[in-house]
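Enquirer: give me coordinates for this.
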Amino acid sequence: MTLAKIKESDYLYSASRVKSIEKHMLTRERAEKMIDAKTMEDAIRVLDDCYYGYLNEITDFDNYESLLADEHKKTYDFIKSIAPDAEHFNIFLYPYDYHNLKVLMKNEYLNKDETDLLVDTGTIDLNVLKYALKERNFSDLTENMGKALNEIIEDFPKTKDPQLIDIILDRYCFDEMLKAAEKTENKFIIDYVKMQIDSINIKTYVRLKKMNKSWDFFSKVFLHGGTIHEHIFIKNYDEPFDKFGELLLAYDFKDVFLEGTEALVETGKYTKLEKLLDNKLMEHVKSAKYVPPYGIETLAGYLIAKDNEIKIARIILAGKTAGISPELIRERLRETYV
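Expert: Below you'll find the predicted structure:
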């Protein structure tokens with residue numbers, strides 16, 4: 001399908017709708033209030049200020065996932081209902097399609113039943129995905145999804161390696177996202193997808209080095225399409241973190257990388273690096289709030305920001321459920337959009 005070229009004037013109405021509800025999003029102040037709440041019920045009640053639905057109907061406040069899932073779906077339904085061309089926002093839904101394909105393929109090949117992990121926010125209905133896999137007919141899926149599934153069907157029986165399912169589906173997912181972003185011809189969206197790819201490759205590079213995995217394994221899982229080319233990682237694979245970090249100056253990842261890997265060496269935890277990379281992405285997303293006149297950036301920024309908001313709420317609620325101290329929860333907290 002050929003998408004119509006985006007005209008900023010087409011988005012004036014829908015962008016103004018989004019601007020009017022941004023003030024209800026989870027602020028840092030509201031997040032702090034959730035962290036300091038004495039009970040799970042009090043923490044979840046803070047989300048009432050953010051217009052999360054069905055709070056009055058909740059009886060089990062430890063079962064917060066359904067509330068977050070409903071908010072996620074409500075957000076995407078809202079954007080699709082007001083966007084001049086909803087197809088442009090499939091970029092942000094593809095990861096959920098590919099997540100569902102991972103779950104379904106692992107259910108089939110590993111004899112697992114993890115259907116509770118399926119989400120209904122993707123571009124393709126769950127029943128369509130299930131039927132396509134059962135019949136091995138991928139005509140109702142995207143071209144990339146069909147290619148990924150055929151590759152898994154051909155290669156998995158040879159290796160029996162569950163990682164292969166993730167590696168193949170991730171590769172095709174981000175390829176599909178980047179192609180869709182480029183079709184929008186919108187710099188904000190293209191740069192966001194490229195930054196996401198760079199961020200994932202950096203996390204993968206650090207984790208594999210700490211696991212003493214070889215550069216050829218890194219090459220297998222490397223995601224193409226970012227600004228940091230594969231040869232930068234491979235050529236300098238044996239360099240210490242501080243030297244490799246200097247190379248990332250040209251890509252504006254140096255400070256985040258050095259601070260994150262320094263914390264990793266000191267604590268053995270990846271939390272700081274992951275948080276800093278997420279915050280860097282959010283810095284880019286925040287720029288959408290200041291793009292005049294309000295265009296597709298406003299809607300895309302809001303969608304990404306709501307994903308981040310739900311992640312923050314989940315970190316807080318999961319931490320409180322697990323009895324983690326408020327100080328430790330704060331360490332994990334991502335930057336908010338508002």
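Enquirer: point out where the stretch 151-300 of the chain drops to low pLDDT.
Expert: 292-293 (pLDDT under 70).
Enquirer: do a quick rundown of the strands in the stretch 151-300 of the chain.
Expert: Counting by DSSP state E, counting those that start in this stretch, the stretch 151-300 of the chain has no strands to list.
Enquirer: where do the helices sit along it?
Expert: Ranges of helices in the stretch 151-300 of the chain, per DSSP state H, counting those that start in this stretch, are 162-184, 187-210, 215-221, 230-235, 241-247, 254-267, 271-286, 296-321.
Enquirer: ranking those by burial, who's on top?
Expert: helix 296-321 (a mean of 22; mean count of other CB atoms under 10 Å). (Glycine included, C-beta is placed from N, CA and C.)
Enquirer: can you name the element that comes right after that one?
Expert: For helix 296-321, the succeeding helix or strand toward the C-terminus, using DSSP states H and E, is helix 326-332.
Enquirer: buried ones in that next one?
Expert: Residues of helix 326-332 classed as buried: 329, 332 (neighbour count, 16 or more other CB atoms under 10 Å).
Enquirer: could you say what helices and strands that helix packs with?
Expert: Secondary-structure packing of helix 326-332 (3 or more CB pairs under 8 Å, 6 or more residues apart in numbering; DSSP states H and E): helix 28-36, helix 271-286, helix 296-321.
Enquirer: mind putting those helices in JSON lines, distance to residue 73 included?
Expert: What follows is the helices and strands packed on helix 326-332, written out as JSON lines (distance: least, CB to CB, whole Å):
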{"stretch": "helix 28-36", "distance to residue 73": "21"}
{"stretch": "helix 271-286", "distance to residue 73": "20"}
{"stretch": "helix 296-321", "distance to residue 73": "11"}
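Enquirer: closest to residue 69 out of the ones you listed?
Expert: helix 296-321 (8.7 Å; CB to CB).
Enquirer: could I get the helices of the stretch 151-300 of the chain in JSON lines, plus columns for distance to residue 123?
Expert: Below are the helices of the stretch 151-300 of the chain laid out as JSON lines (distance: least, CB to CB, whole Å):
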{"stretch": "helix 162-184", "distance to residue 123": "10"}
{"stretch": "helix 187-210", "distance to residue 123": "16"}
{"stretch": "helix 215-221", "distance to residue 123": "25"}
{"stretch": "helix 230-235", "distance to residue 123": "29"}
{"stretch": "helix 241-247", "distance to residue 123": "37"}
{"stretch": "helix 254-267", "distance to residue 123": "31"}
{"stretch": "helix 271-286", "distance to residue 123": "21"}
{"stretch": "helix 296-321", "distance to residue 123": "13"}
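Enquirer: that's all I had, so thanks and see you.
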